[in-house]
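J.: Pasting the sequence and the predicted model now:
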Amino acid sequence: MASMLAAGMAGCGTPRKLSPGDLGSMGVHEGAAYWQVEQRLASAGYRCFVSGAKREHFDCTKTLGVYPSCLLRVEFVADNQNQVSDLRVNDPACIGTP
């Protein structure tokens, strides 16, 4: 049993942070229409939550793995012209890694 668990965990690791190139290839970049960015992130498996007085703050997350379980996060703001600004990608946050 322990060998099966060890073998299963050998393929687990922290996923890499999305680069600007990764985002660009998905069509996610500053100045894009926020609804297009939200749709492209959704098609990549992200779920976006919106907050703010004008519903301008987007927090998009995606969960990967079973053990460790990792959370990938992309955040952005929709400006007064409905364009993406302040695009941020956080480092992956994982449970079960040293």
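T.: Alright, I've got the coordinates.
J.: Tell me how many other residues surround D59.
T.: 16 (other C-beta atoms under 10 Å). In short, each C-beta sits where N, CA and C put it, glycine included.
J.: what does whatever helix or strand it lives in contact?
T.: Mapping D59 onto the secondary structure by DSSP states H and E places it in strand 57-64. Strand 57-64 is contacted by residues 15, 34, 37-38, 41, 44-51, 69-78, 92 when judged by C-beta atoms under 8 Å, 6 or more residues apart in numbering.
J.: Excluding chain neighbours, what is closest to R16?
T.: Ranked by C-beta to C-beta, 6 or more residues apart in numbering and with sequence neighbours excluded, the top spatial neighbour of R16 is P92, at 7.5 Å.
J.: can you pull the contacts of the one you found?
T.: T14, P15, R16, K17, L64, C70, L71, L72.
J.: For the residues you listed, work out which two are farthest apart.
T.: The most widely separated members of these, counting by C-beta to C-beta, are R16 and L71 (13.9 Å).
J.: Look at those two and report which has more neighbours.
T.: Using other C-beta under 10 Å as the criterion, R16 and L71 rank with L71 on top: 15 against 10.
J.: Quick check: that one touching C94?
T.: Yes. Judged on C-beta atoms under 8 Å, L71 makes contact with C94 at a distance of 7.5 Å.
J.: Make sure W35 is indeed in a helix.
T.: Yes. Counting by DSSP: H, G, I helix; E, B strand; the rest coil, W35 is located in a helix.
J.: So what's the residue count around it?
T.: As a burial measure, W35 scores 11 neighbours (other C-beta under 10 Å).
J.: what separates the helix or strand harbouring R88 from the chain centre, distance-wise?
T.: R88 belongs to strand 84-89 when assigned by DSSP H and E. For strand 84-89, the separation from the chain centroid amounts to 12 Å (computed by C-alpha atoms, centre = their mean, to the nearest Å).
J.: before we move on, what about stretch 80-94?
T.: 9 Å.
J.: Quick check: mean pLDDT of that stretch?
T.: Averaging pLDDT along stretch 80-94 gives 94.
J.: buried set for it?
T.: Neighbour-count burial for stretch 80-94 flags Q83, V84, L87, V89, P92, C94 (criterion: 16 or more other C-beta atoms under 10 Å).
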